[in-house]
Structures are given as C-alpha cells and as structure tokens.
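Participant: Turn this into a structure:
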Amino acid sequence: MTAGKSNPEIASELFLTVHTIEYYATRIYSKLGVRNRTQAALAASRLDLFASAESYLESRVSRAVQDASSSEATLTSPRSNVTGRNSMTAIWAGLSVAALMAVTIIGVLTGTLARVPFASSDAGASHCVAQAVMVRPGEPLPTVETSRPPMAVCYETFEESVRSLGLDPEEYRPPR
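Facilitator: Coordinates of the predicted model:
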C-alpha cells in the first residue's frame, strides 16, 4: 500500500486473492480509525508508520536470507511427507471424534444434556417450539449482556405447536 499499488497488484505479488487483501485493508483501516486508503495513508504518515514498516521488513528479509544461507538447506520433494501428513490427519481426526464422544457420554451421564430430546426424562411434552436468533451481516454478534436466554415452549400435541406458530395444522404435516 505504501508503494501506491492497487489491491489486485498487491494480491498478485503476495499470491493471495483480492478479497483477502481487501479484508486485511479493511482491518488496517479500522485499527487506524479511518474509512479509506487515502485517510489511512495520511494517518500512517502522521504516525511515521512508513519508515518503521520498511525497516521492519528489511530486517526480517535480511535475517531470513542470512538464516537460509547459513543453514544447510536440503531440498525435498513435495510428495516426500504426504504419508506423514495423511497419518497425522487421521490421528487428529480420531482424537477429535474420541474427545467429542467422551464429552457427549459424560454430558448424558451427568444430565447436563437434559434439554436434548434423546436425553430428556419428560415424556409428556414432545412437541416443542424454540426461539431462534438471527444476526444480519454487519450487525454485532449478541453477547450474554445484550441477549435474552433462549426460550422454548412445549405442547402436548403437534397441532397445538403448529397453531402457536400461526400455521394451519392441516396444511403443515411433516413427512412420515
């Protein structure tokens, strides 16, 4: 950006998509408290960010070049580590599934999942209608302080639950 390059030019130089560059540019704008590239350039010049960014990059590049030249670099084929990566992926997938199963079993045994229908001991009310939360793009996500706890109402019959939503029970029948 400091060199006056456009987002597509920056994206092609860094081998990223234009959308990724736009995303990071937007984050930079928000951190600087500005709305566009021109205001960001003015704010950066006031804060002397150009010189510090250039010196930072120069030191990083020179350090990387020195490390690469001093170390014994060995070239490997891209396929040389495929088996190791595949086995690590399988191990992590297995551990993830095992952890999820353990949490589920502990939750069912301790009753913390009592609101889940398969773990519920309340067999009388089986037709429940729950509140959903919808967040539109650009709106802040709800937090504990700004949102109410979700509500659910259970009815004895399917017809009562459908009527509570303002629907006709004869027109709305789930497939069996």
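Participant: drop to CA atoms for contacts and neighbour counts, all remaining ones
Facilitator: OK.
Participant: domain parsing for the protein?
Facilitator: According to automatic domain parsing, the chain is divided into the following domains: 7-70, 80-121, 123-176.
Participant: Next, count neighbours for S6.
Facilitator: If you count neighbours by other CA atoms under 10 Å, S6 ends up with 11.
Participant: Also A102?
Facilitator: Counted with other CA under 10 Å, the burial measure for A102 works out to 12 neighbours.
Participant: Count the neighbours of I106 for me.
Facilitator: As a burial measure, the neighbour count of I106 was computed by other CA under 10 Å and equals 13.
Participant: Okay, it and A98: tell me how far apart.
Facilitator: Using CA to CA, to the nearest Å, we find I106 at a distance of 12 Å from A98.
Participant: can you map out the helices along the chain?
Facilitator: With DSSP state H applied, the chain shows helices at 7-14, 18-32, 37-47, 49-70, 82-110, 158-164, listed in chain order.
Participant: what's the least confident stretch among those helices?
Facilitator: For the helices of the chain, mean pLDDT drops lowest on helix 49-70, to a mean of 59.
Participant: Name the nearest residue to Y155, sequence neighbours excluded.
Facilitator: Spatially, and ignoring its direct neighbours in sequence, Y155 is nearest to H127 (5.2 Å; CA to CA, 6 or more residues apart in numbering).
Participant: Could you check the pLDDT of the one you found?
Facilitator: Looking at H127 specifically, the model assigns a pLDDT of 72.
Participant: That one - how many residues pack around it?
Facilitator: 15.
Participant: Is it correct that it is in contact with T157?
Facilitator: Yes. Here H127 lies in contact with T157, judged by CA atoms under 8 Å, at a distance of 6.3 Å.
Participant: next one: phi and psi at E171?
Facilitator: Here is the backbone geometry of E171 (degrees, to the nearest 10): phi -80, psi -30.
Participant: Next, count neighbours for it.
Facilitator: Here the count is done by other CA under 10 Å, and E171 has 8 residues near it.
Participant: And S161, by the same measure?
Facilitator: Around S161 there are 19 other residues, counting by other CA under 10 Å.
Participant: what's the answer for L141, then?
Facilitator: Here the count is done by other CA under 10 Å, and L141 has 11 residues near it.
Participant: what's near enough to touch it?
Facilitator: L141 makes contact with V135, according to CA atoms under 8 Å, 6 or more residues apart in numbering.
Participant: Report the separation between it and Y23.
Facilitator: Note on L141: its distance to Y23, by CA to CA, is 19 Å.
Participant: one step back: overlap of the contact sets of H127 and T157?
Facilitator: Taking CA under 8 Å, 6+ apart as the criterion, H127 and T157 do not both touch any residue.
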